[in-house]
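S.K.: Quick one: sequence plus predicted model below, questions after.
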Amino acid sequence: MKKIIPILLFIFLLACTGEQSNMGDLLEEPYHPIPVKIATDLPFPKMVIPTDNPFTEQGIALGRRLFYDPILSVDSTISCSSCHHLANSFTDKRSVSLGVNQTPGNRSSMSLLNIGYHLSGLFWDGRSSTLERQALIPVEDPLEMKEVWPQVVKKLKEHRAYPALFRQAFGISDRDSIQKELVVKAIAQFERTLISSGTSKYDRVKKGLATYTPNEAMGEDLFFDITADVKDAECGNCHNAPFFTTFEYANNGLDDVSDVTNFKDKGRGKVTGDIYDNGKFRIPGIRNIALTAPYMHDGRFETLEEVLEHYDTGGHPSPTVHPLIRPLNLTALEKQQIIAFLHTLTDTVFVQNDAYSNPF
Amino acid sequence: MKKYILMFSALLVMTAYSCVSEDEDPVIEPSTTVDLVFKAKYGTETAQMQEEYVYGDGKDIKFIQMDFFVSNITLMQENSPNSPEIELREIDFVSLSYTDAADAEAGYTISIDKVPAGTYAGIKIGIGVPADLNRTKPEDYGSNDVLFQNSHYWEGWSSYIFAKIEAAADLNNDDDIVLGGAESEGLSYHTGTDAVYQEVIIPQDIVLTEGVNFTIDLNLDLDQVFKTTNDLHDVNNDGYLDIETFRGTHTDESLDIAKKMMQNLANSITLDF
């Protein structure tokens, strides 16, 4: 009897905790991850994949589902896709994005096209170094999903489908092993698949499969300053091929600011603490630029014509403006030629790719 | 018969030798770590980005960005053009765009370990991307490779941008340096193409002792970079590039300016340890 009492006491205590052990509850689910290799016929460098988050079919599928699932938000109204629409190259056509309860955010959503190649920081200010770390932030941002991670994890553990999907993607043996780190790994895997299709007119011209119109050809020359006797519109300095970004941060003269500490949105400076980074923002890749209006970090320009006008006038003075932001003296025709070239960057196949669409 | 015995013996010795060689530890040469510390100066002062200096023509100038590729860094074993060399680094990128005084003073360090100890007659450094690598493009490299930087590649030149010096100056002498807007006073000097590649040879005895880290300071002078004796580019005839007229080097037309700046950059480098 003396031996039985401790055992009964243990069972009683276990019952009192009210927690049901799920140890090994997913072991009957199959775990056969299928590795995936990134393939593109474009002259892109090899993408750097974190060694602790290799691509698998199951991981990408889970990430795609999570990307489109409002379960990540506090009231199940907002998903990643709420601010990143496939049809708009994963932007949302708003000057600033809206969070739960239609709360306006601070900045415009950025295109996710070729986002896996970005290694110098994500968000407009580069505050996240990897896609995995980036995906942690919107969930708890009060202007975005306004949720807390323990609650997200709880919802996923209790979900009828997700535990098995996490098992298939990451080999976990029980639902209690679902953690936020696995959620963001899956989303990052999906995001790394968002790569140019290689079928834009620009890409087809480079492959010898298409020919520019005269205006497009002149626009490219102005953009990249290819020939000496054509004016240099200085675009390629920051939007260099093949991604049409140099992955740097720059102040492109959006606001007239006399003191380096007086920027309304300090941008990169708030992250680095260097006042000479104030007013600088990530130079976005502009493939699919015709689909991602409005433009700039605060969406202040509705059209490409407005953007060209801004650069042609040299923008506004402030202490951290890039030295190449200065009057360009472009003619009306030259501006239209540059815009014609920008339209050759439109990748219709990318925005119609079923593999990127809402799986629900 | 003697011949066969000799051949057999030789075979035996060779076999025994090869077996011993496999079992022995590899010979470890005495080595050390060499730190190459690049520092920007403006005359005798440490050059710090965003600080104002006086340009050759008397105008105030502030630098915003200063960086360049270095390549084929080698130690020369003899003081002669055909000296045997120890290669330290094939290609690297030096950024001296420091806005913080302490950072500018500390400079940019390239650390190279396992350099054989010994006495060397000097150091050789390429400024820019050598022709064989300049035939490649950023997309030929992984996105974390030093040559992936497409901010330093220009299609128009089919070349890497070897060096970038971004600056602004009080061009209209109103005691104010303006960036952006209609009155912008930005300056942007980019250099590239095989024709402007420079090789710096600094003959100086360098003694590396096993296990003792060796630091070499390499100072370059931004003031010297803008010097010119070319009448066309020295409109004021003061020995310096006229920055009001030539506000950048980004076209083939200004290639001669780019070449002169690269020569000046190479020549301005002094060694200190």
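M.R.: Done, it's in.
S.K.: Quick check: can you list the domain ranges of chain A?
M.R.: Domain assignment of chain A by automatic domain parsing yields the ranges A:30-42+A:53-196, A:201-344.
S.K.: closest to chain B out of the ones you listed?
M.R.: With respect to chain B, and counting by C-beta to the nearest C-beta, the nearest of the domains of chain A is domain A:201-344 at 2.9 Å. Heads up, the C-betas are built off the backbone N, CA and C, glycines and all.
S.K.: quick revisit: let me have the domains of chain A in a markdown table, extended by mean pLDDT, mean neighbour count and distance to chain B.
M.R.: Below are the domains of chain A laid out as a markdown table (pLDDT from 0 to 100; neighbours: other C-beta atoms under 10 Å in any protein chain shown; distance: least, C-beta to the nearest C-beta, whole Å):
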| stretch | mean pLDDT | mean neighbour count | distance to chain B |
| --- | --- | --- | --- |
| domain A:30-42+A:53-196 | 96 | 19 | 5 |
| domain A:201-344 | 96 | 19 | 3 |
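S.K.: And the contacts of stretch B:263-271?
M.R.: Contacting residues not belonging to stretch B:263-271 are listed as B:68, B:123, B:125, B:127, B:163, B:198-200, B:202, B:204, B:216-222, B:224-227 [C-beta atoms under 8 Å, 6 or more residues apart in numbering or on different chains].
S.K.: okay, the domains of chain A in CSV with distance to B:Met261 next?
M.R.: Compiled in CSV, those are given as follows (distance: least, C-beta to C-beta, whole Å):
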stretch, distance to B:Met261
domain A:30-42+A:53-196, 27
domain A:201-344, 16
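S.K.: For the chain, just list every one of the helices.
M.R.: In the absence of a named chain, this looks at chain A. Using DSSP state H, the helices assigned to chain A run over residues A:4-16, A:57-68, A:80-83, A:131-140, A:149-158, A:162-170, A:180-192, A:201-206, A:214-224, A:268-272, A:304-313, A:332-343, A:348-351.
S.K.: wait, I meant chain B there
M.R.: B:2-23, B:101-106, B:131-134, B:222-225, B:255-268.
S.K.: Can you tell me the closest non-neighbouring residue to A:Asn288?
M.R.: Distances taken as C-beta to C-beta, 6 or more residues apart in numbering or on different chains place A:Ser89 nearest to A:Asn288, at 3.8 Å, with adjacent residues excluded.
S.K.: hang on, A:Leu113 packs against A:Arg287?
M.R.: Yes - A contact is recorded between A:Leu113 and A:Arg287 when judged using C-beta atoms under 8 Å, the distance being 5.6 Å.
S.K.: where do the contact lists of those two overlap?
M.R.: Among the neighbours of A:Leu113, those also in contact with A:Arg287 (C-beta under 8 Å, 6+ apart) are A:89, A:196, A:347.
S.K.: Run through the stretch 1-150 of chain B and note the low-pLDDT ranges.
M.R.: Low-confidence segments of the stretch 1-150 of chain B, defined by pLDDT under 70, are located at B:1-28.
S.K.: So which bits of it are right by chain A?
M.R.: Residues of the stretch 1-150 of chain B lying near chain A by C-beta under 8 Å from any C-beta of the partner chain: B:49-50, B:64, B:99-100, B:137-145, B:148-150.
S.K.: Make a PyMOL selection of the buried ones in those.
M.R.: Only the buried entries of these go into this PyMOL selection, using 16 or more other C-beta atoms under 10 Å in any protein chain shown:
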select buried, chain B and resi 49+50+64+99+137+138+139+141+143+148+149+150
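S.K.: Show me the shaky parts of the stretch 151-273 of chain B.
M.R.: Confidence mapping of the stretch 151-273 of chain B against pLDDT under 70 gives the ranges B:250-253.
S.K.: Go again with 80.
M.R.: B:156, B:229-232, B:234-237, B:250-254, B:272-273 (pLDDT under 80).
S.K.: Write out the residues of it neighbouring chain A.
M.R.: Those residues of the stretch 151-273 of chain B that sit near chain A, judged by C-beta under 8 Å from any C-beta, are B:151, B:153-156, B:166-168, B:178-184, B:186-188, B:248, B:250-253.
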